[in-house]
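Chemist: I'd like to go over a predicted model; first the sequence, then the structure.
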Amino acid sequence: MVSPAPAVGPLRRILVEVHRGGTLDAIADRVGVAPDEAAAMVDYWVGRGVLTREAVSGGCPPAGCGGCALRSSCTSQGRPGRPLLHTIRPAGKP
């Protein structure tokens, strides 16, 4: 009798989906978890040195959130200078 292959949990699926690319929201959707859960899983892998996270934006606009296109999904809470966008990738890749 052949035993079934073990299921891959969401923590490992995050790695697969980061390799596939897309936004954190898209990755969370493909894994089947909430975006804040996906962010926590990414933080875990960043802490282990498996993934890297780099800021790619200059931060909040000086005028605040009012006219910002990212205000609905932003976590900076209107604090000027906080990075708005990050790139997440496997460690060691340029």
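Modeler: Nice, I can see it.
Chemist: from here on, contacts and neighbour counts on C-alpha atoms
Modeler: Fine.
Chemist: Contacts only, for Ala34.
Modeler: With contact set as CA atoms under 8 Å, 6 or more residues apart in numbering, Ala34 has these partners: Ala28.
Chemist: Next: the one 5 residues further on.
Modeler: For Ala39, the residues meeting the contact criterion (CA under 8 Å, 6+ apart) are Leu24.
Chemist: Likewise for the one 3 residues further on?
Modeler: With contacts defined as CA under 8 Å, 6+ apart, Val42 is in contact with 14, 51.
Chemist: Regarding it, which helix or strand does it belong to?
Modeler: Val42 is part of helix 35-47, with elements assigned from DSSP states H and E.
Chemist: buried sites along that helix?
Modeler: For helix 35-47, the buried set under the neighbour-count rule, 16 or more other CA atoms under 10 Å, comprises 35, 38-39, 41-42, 45-46.
Chemist: May I have it as CSV, with CA atoms only?
Modeler: This file holds the C-alpha atoms of helix 35-47, laid out as CSV (Å, rounded to 0.1, in the frame of the first residue of the first chain):
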residue,chain,number,x,y,z
PRO,A,35,-2.8,39.1,3.7
ASP,A,36,-1.6,39.7,7.3
GLU,A,37,-1.0,36.0,7.8
ALA,A,38,1.0,35.9,4.5
ALA,A,39,3.0,38.9,5.7
ALA,A,40,3.8,37.2,9.0
MET,A,41,4.9,34.1,7.0
VAL,A,42,7.1,36.2,4.8
ASP,A,43,8.6,37.8,8.0
TYR,A,44,9.4,34.3,9.3
TRP,A,45,11.3,33.4,6.1
VAL,A,46,13.1,36.8,6.0
GLY,A,47,14.2,36.2,9.6
